[in-house]
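# this one's sequence-less:
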């Protein structure tokens with residue numbers, strides 16, 4: 001299996017398991033700056049040098065050696081599942097991607113045809129019934145995760161626990177897992193424990209939201225998108241995420257976690 005989705009600074013000061021839709025663009029840029037004293041010019045996901053990534057063959061040996069020997073600080077970042085699935089919908093389903101096209105080519109037309117989803121378009125100001133379309137998208141996400149139909153689940157809405165587990169099952173161990181809702185405190189703790197080549201001022205740096213401005217703005221509070229059926233589906237597909245990472249499954253309006261993350265419990269439950 002190896003260590004899919006794992007990034008490491010070239011200095012090997014820190015190792016990060018990417019969890020999509022959980023501030024990964026910002027974290028990648030922080031890692032890059034901590035080694036090179038500048039941010040990467042562009043989307044950090046496109047960077048082919050300056051950062052070790054498991055998807056690059058040349059990086060797999062160094063990442064494997066580091067993680068299995070536990071040489072460096074290993075961390076990841078998680079997010080409230082209610083906010084994360086909404087972000088996936090507005091970015092990947094409704095938004096126009098940075099290449100100027102819809103995400104994954106024929107995915108959106110298939111959702112329109114099979115699930116009756118509307119996504120709007122830039123010419124009309126992305127006007128559509130966001131709540132109705134999101135709830136239909138949630139049915140689709142459930143179908144992909146539970147039944148792998150009409151396709152395998154996409155990384156952007158696959159459960160966070162699945163992403164986090166690969167590093168553990170490969171023989172690695174997390175030193176820190178923090179939440180996006182307390183990003184500055186969590187990332188500051190990581191930087192304080194890692195031997196940085198260059199300091200990173202979190203308060204002064206921009207946030208790298210690569211999807212912002214390319215799709216509709218969310219028109220309603222998070223809790224308005226989730227009726228009883230939607231919350232049942234969330235429990236069905238993300239129950240383990242809520243449990244392991246301390247979020248309130250019964251209150252979509254509660255953004256912050258109810259409690260801290262028990263690293264021993266995460267390793268015990270995701271290591272099998």
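Yep, it's here. This is a predicted model, so every value here is computed, not measured.

# where does the stretch 151-272 of the chain dip in pLDDT?
Low-confidence segments of the stretch 151-272 of the chain (pLDDT under 70): 209-213.

# hmm, 80 instead?
Counting by pLDDT under 80, the ranges of the stretch 151-272 of the chain that qualify are 207-215, 272.

# Mind checking what secondary structure residue 91 has?
Classification of residue 91 using DSSP: H, G, I helix; E, B strand; the rest coil returns helix.

# Surely it is in contact with residue 216?
No - Residue 91 is not in contact with residue 216 according to Cβ atoms under 8 Å; the separation is 10.1 Å. (Glycine included, C-beta is placed from N, CA and C.)

# neighbour count winner among these two?
The residue with more neighbours, out of residue 91 and residue 216, is residue 91; 21 against 18, by other Cβ atoms under 10 Å.

# which ones are touching the more buried one?
The neighbours of residue 91, taking Cβ atoms under 8 Å, 6 or more residues apart in numbering as the test, are 21, 156, 211, 214, 215.

# Wasn't the first one part of a helix?
Read it as residue 21. No - Residue 21 sits outside any helix when classified using three-state DSSP, being coil.

# ok, it to residue 227 distance?
Distance of residue 21 to residue 227, given as Cβ to Cβ, to the nearest Å: 22 Å.

# Provide a complete list of residue ranges assigned to strands in the stretch 51-200 of the chain.
Shown for the stretch 51-200 of the chain, the strands assigned by DSSP state E, counting those that start in this stretch span residues 51-53, 73-78, 176-179.

# Including mean neighbour count and distance to residue 251, could those strands go into TSV?
Formatted as TSV, the strands of the stretch 51-200 of the chain follow (neighbours: other Cβ atoms under 10 Å; distance: least, Cβ to Cβ, whole Å):
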stretch	mean neighbour count	distance to residue 251
strand 51-53	21	37
strand 73-78	23	18
strand 176-179	21	16
